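1. Starting from these lines, generate the structure:
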Amino acid sequence: MIEDGLTPPYYAVIFTTILTNDLSGYDDMAKRMEELAKQQEGYLGIESARSQLGITVSYWRSLNAITQWKNNLLHIEARRKGREQWYKQYELRICKVEREYGFKKEQ
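-> The predicted model follows:
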């Protein structure tokens with residue numbers, strides 16, 4: 001699903017991963033993190049595509065909201081588990097979105 005209807009300026013956290021072969025528990029944790037993120041103040045939405053190269057983009061109202069999400073205890077545990085088990089490599093980028101546009105074909 002593509003998040004639309006967001007009003008700039010806002011922030012995008014881009015999380016790109018290359019996964020290991022040991023993904024036990026990964027899907028459950030990813031779902032838990034998405035549900036938990038939705039409960040955080042300043043959360044605006046998420047887009048994700050997971051395969052050999054995973055890309056998840058979450059949207060936030062402020063840098064402070066991103067920091068609070070980073071400091072969430074369950075999120076800290078998920079990151080630890082990711083480094084130990086699920087990820088061969090990851091990069092995280094935080095960007096300020098100042099302008100956006102899109103297209104949606106009507107059915």
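2. From one end of stretch 61-79 to the other, what's the distance?
-> Using C-alpha to C-alpha, to the nearest Å, the end-to-end distance of stretch 61-79 comes to 22 Å.
3. what comes up buried for it?
-> Going by neighbour count (16 or more other C-beta atoms under 10 Å), the buried part of stretch 61-79 is R61, A65, I66, Q68, W69, N72, H75, A78, R79. C-beta here means a position set from N, CA and C on the backbone, and glycine is covered the same way.
4. Have a look at the chain and report its longest helix.
-> helix 26-38 (DSSP state H).
5. Same list (the buried residues of stretch 61-79) but as a markdown table, adding pLDDT and secondary structure.
-> A markdown table is the format used below for the buried residues of stretch 61-79 (pLDDT from 0 to 100; DSSP: H, G, I helix; E, B strand; the rest coil):
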| residue | pLDDT | secondary structure |
| --- | --- | --- |
| R61 | 98 | coil |
| A65 | 98 | helix |
| I66 | 98 | helix |
| Q68 | 97 | helix |
| W69 | 97 | helix |
| N72 | 96 | coil |
| H75 | 96 | helix |
| A78 | 96 | helix |
| R79 | 96 | helix |
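6. Make CSV from these and add distance to T17 to it.
-> Output for these, formatted as CSV (distance: C-beta to C-beta, whole Å):
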residue, distance to T17
R61, 24
A65, 22
I66, 18
Q68, 22
W69, 17
N72, 19
H75, 15
A78, 12
R79, 11
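7. coming back round to it: just the buried positions in the longest helix of the chain, please.
-> By neighbour count on 16+ other C-beta under 10 Å, the buried set for helix 26-38 is Y26, M29, A30, M33, A37.
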